[in-house]
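Chemist: Sequence and predicted model, in that order:
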Amino acid sequence: MRETVTLRSIAVPAYGPPLLYGIGQGAVAPAIALSARDLGASLGVAGLVVAVLGVGQIVGDVPAGALAARVGERRAMLLAVAVAVAALAGCLLAPTVAVLGASVFVLGLANSVFGLARQTYLSEVVPLHLRARALSTLGGTLRIGMFAGPFLAAPFIRAGGTDAAYALHLVVAVLAAVVLLAVPDLTRPADGRSGRPSRARPAGVVAVVRRHRRVLVHLGTAVLLVGAVRASRQAVIPLWADHLGLDAATTSVVYGVSGLLDTLLFYPSGKVMDLRGRAFVAVPSMAVLGLAHLLLPLTGGLPSLVAVAVLMGIGNGMGAGVVMVVGADVAPPGSRAEFLGVWRLFHDAGSAAGPLVVSAVTALVALGPAVAVLGRVGVGAAGLLARRLPGAAPGAAAPAGRAGPDAGE
């Protein structure tokens, strides 16, 4: 008898490991630059070491898809944890900035494999009428982990320095592996699409890209723009706060308020996508985020900055999980992992490009025009998504007995 899939039934195996791993990621995020500075790096070099983490993730996206297709999602995640533990040990023991940078790069590779494998698993085992809620919740657990990680790490860093952050990440990564080993994953649908015993031989990344290049070009372009606007938000709020003369503590509070709203909206976002369609969430999300970028240069003090930061948090939170959900919708069942690896590459490349665009335009002109450029990119992304995403929810035609509004929650 086939097991009924609900969000509750998959809560621990699906969301426990990502939450733990996300806490570790959040713990080390502020520590990397400080570690580089402790080893004698200049501010510029320290920033480069931080950027290497994202480079590692981009480089790892496509191989992560191929790996998950060959060994299965659970084994891929366990391998990712093993690599992450080795990389974190390298960060702890790094005698030079170069060794630290290499270790951070490898950590980025591990992050890519871990995230891709869990996304692929949920895309396959969760019924279509719950897919958006399931994947938005996955994104939400990662955001919660990233949000909580720095706070959990703070007392340890105060007591033991930046090395304590890497040690905390190492511990929670091992705990994530323990959960993976101790709690059985949900049985896959017995339809031949994805179970390990019936999994077809991997088609290969090149073949998948060639076969689905039209979808990747059309929707991948929009996803790249989405990644750029989302990532730029993380840079422009603190930069504009500094431009207004606000101190670091106030800036941190403003950024935290925006991030809190972003974190709280992941489940409503998923539910609306399941009931009304992906475009119903994706288009307003990018429109609001783009508008907030356009409004930011018009702010002249703390109250107006807070208002725009709140708007950014709402816009970004509205679209929580939308990239993963759309990727799962368009991914071919027989080559899902390979496709999603390429799909994530578009988003991660955009995420890397967004802050670079802000930096380049600021250097050439000024910060205000740089923020406005990303605002126009956000509005453009909303337009692309409006044209290229279907209006109806993929599960809308499902029988009522299978896909009620609150089915499986």
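Modeler: Great, that's in hand.

Chemist: For the nearest residue to residue 102 once chain neighbours are set aside, list the residues it contacts.
Modeler: Take residue 102 and drop its neighbours on the chain: the residue closest to it by C-beta to C-beta, 6 or more residues apart in numbering is residue 90, 7.0 Å away. For the C-beta atoms, the positions are set from N, CA and C on the backbone; glycine is no exception. By C-beta atoms under 8 Å, 6 or more residues apart in numbering, the residues touching residue 90 are 99-100, 102-103, 106.

Chemist: Torsion angles phi and psi at residue 90?
Modeler: When read as degrees, to the nearest 10, the backbone of residue 90 gives phi -60, psi -40.

Chemist: on that earlier part again, adding distance to residue 127 and neighbour count, write the contacts of residue 90 out as TSV.
Modeler: Shown next, in TSV, are the contacts of residue 90 (distance: C-beta to C-beta, whole Å; neighbours: other C-beta atoms under 10 Å):
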residue	distance to residue 127	neighbour count
99	47	14
100	44	24
102	43	18
103	40	25
106	36	21
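
Chemist: from those residues, which is closest to residue 297?
Modeler: residue 100 (35.9 Å; C-beta to C-beta).

Chemist: and the closest one, what helix or strand is that in?
Modeler: Following DSSP states H and E, one finds residue 100 within helix 97-125.

Chemist: following that helix, which helix or strand comes up?
Modeler: helix 131-160.

Chemist: before we move on, back to that, distance check, the residue nearest to residue 102 against residue 58.
Modeler: Applying C-beta to C-beta, to the nearest Å, the value for residue 90 to residue 58 is 20 Å.

Chemist: what does residue 254 give?
Modeler: Residue 254 is 29 Å from residue 58, by C-beta to C-beta.

Chemist: ok, now residue 315?
Modeler: From residue 315 to residue 58 the distance is 24 Å (C-beta to C-beta).

Chemist: again with residue 312
Modeler: 24 Å.

Chemist: Look at the two and report which has more neighbours.
Modeler: residue 312 (28 against 18; other C-beta atoms under 10 Å).

Chemist: tell me which element that one falls in.
Modeler: helix 302-318.

Chemist: cool, and residue 5?
Modeler: Going by DSSP H and E, residue 5 is not in any helix or strand.

Chemist: is it true that it touches residue 127?
Modeler: Yes - under the criterion of C-beta atoms under 8 Å, residue 5 makes contact with residue 127 at 5.7 Å.

Chemist: What is the worst-scoring helix or strand of the chain on mean pLDDT packed up against?
Modeler: Lowest on mean pLDDT, DSSP states H and E among the helices and strands of the chain sits helix 248-264, with a mean of 82. Packing partners of helix 248-264 (3 or more C-beta pairs under 8 Å, 6 or more residues apart in numbering; DSSP states H and E): helix 131-160, helix 213-243, helix 302-318.

Chemist: For the second one, buried residues please.
Modeler: The neighbour-count criterion (16 or more other C-beta atoms under 10 Å) identifies 215-216, 219-237, 239-241, 243 as the buried residues of helix 213-243.

Chemist: Got the confidence number for the residue most central in space within the chain?
Modeler: Residue closest to the average C-alpha location in the chain (C-alpha atoms, centre = their mean): residue 139, at 6.4 Å. As predicted, residue 139 sits at a pLDDT of 88.

Chemist: again, but for residue 393
Modeler: 58.

Chemist: same thing with the one 3 residues further on?
Modeler: According to the per-residue confidence, residue 396 scores 50 in pLDDT.

Chemist: next one: the one 5 residues further on
Modeler: Reading off the confidence values, residue 401 has pLDDT 35.

Chemist: for residue 97, same thing?
Modeler: pLDDT, residue 97: 95.

Chemist: so what's it up against?
Modeler: 36, 39-41, 45, 49.

Chemist: Where is pLDDT lowest across those?
Modeler: residue 45 (84).

Chemist: Can you give the distance of the helix or strand hosting that residue from its chain's centre?
Modeler: Using DSSP H and E, residue 45 maps to helix 43-71. Relative to the mean C-alpha coordinate of its chain, helix 43-71 is positioned 13 Å out (C-alpha atoms, centre = their mean, to the nearest Å).

Chemist: Kindly report the same for stretch 236-243.
Modeler: 23 Å.

Chemist: end to end, how far does stretch 287-304 reach?
Modeler: 19 Å (C-alpha to C-alpha, to the nearest Å).

Chemist: buried ones in that stretch?
Modeler: 287-297, 299, 302.

Chemist: What segments of the stretch 251-400 of the chain are helices?
Modeler: Assigned by DSSP state H, counting those that start in this stretch, the helices in the stretch 251-400 of the chain fall at 266-276, 279-295, 302-318, 322-330, 336-364, 367-388.

Chemist: which helices and strands does the first one pack with?
Modeler: Under the contact criterion of 3+ C-beta pairs under 8 Å, 6+ apart, helix 266-276 touches helix 131-160, helix 279-295, helix 302-318, helix 322-330.

Chemist: and if we set it to 7 Å?
Modeler: In terms of contacts (3 or more C-beta pairs under 7 Å, 6 or more residues apart in numbering; DSSP states H and E), helix 266-276 is packed against helix 131-160, helix 279-295, helix 302-318.

Chemist: Show residues contacting the last one.
Modeler: Helix 302-318 is contacted by residues 230, 233, 237, 240-241, 244, 246, 250, 254, 257-259, 261-262, 264-266, 269, 281, 284-285, 288-289, 292, 295-296, 299 when judged by C-beta atoms under 7 Å, 6 or more residues apart in numbering.

Chemist: ok, now with 6 Å
Modeler: 230, 233, 237, 254, 258, 261-262, 265, 269, 281, 285, 288-289, 292, 295-296, 299 (C-beta atoms under 6 Å, 6 or more residues apart in numbering).

Chemist: Let me see the mean pLDDT of it.
Modeler: Rounded mean pLDDT across helix 302-318 is 94.

Chemist: Report the inter-axis angle for it versus helix 279-295.
Modeler: 160 degrees (axes from the mean of the first three to the mean of the last three C-alpha atoms, to 10 degrees).

Chemist: How about helix 302-318, which residues are buried there?
Modeler: Buried, per 16+ other C-beta under 10 Å, within helix 302-318: 302, 305-306, 308-318.
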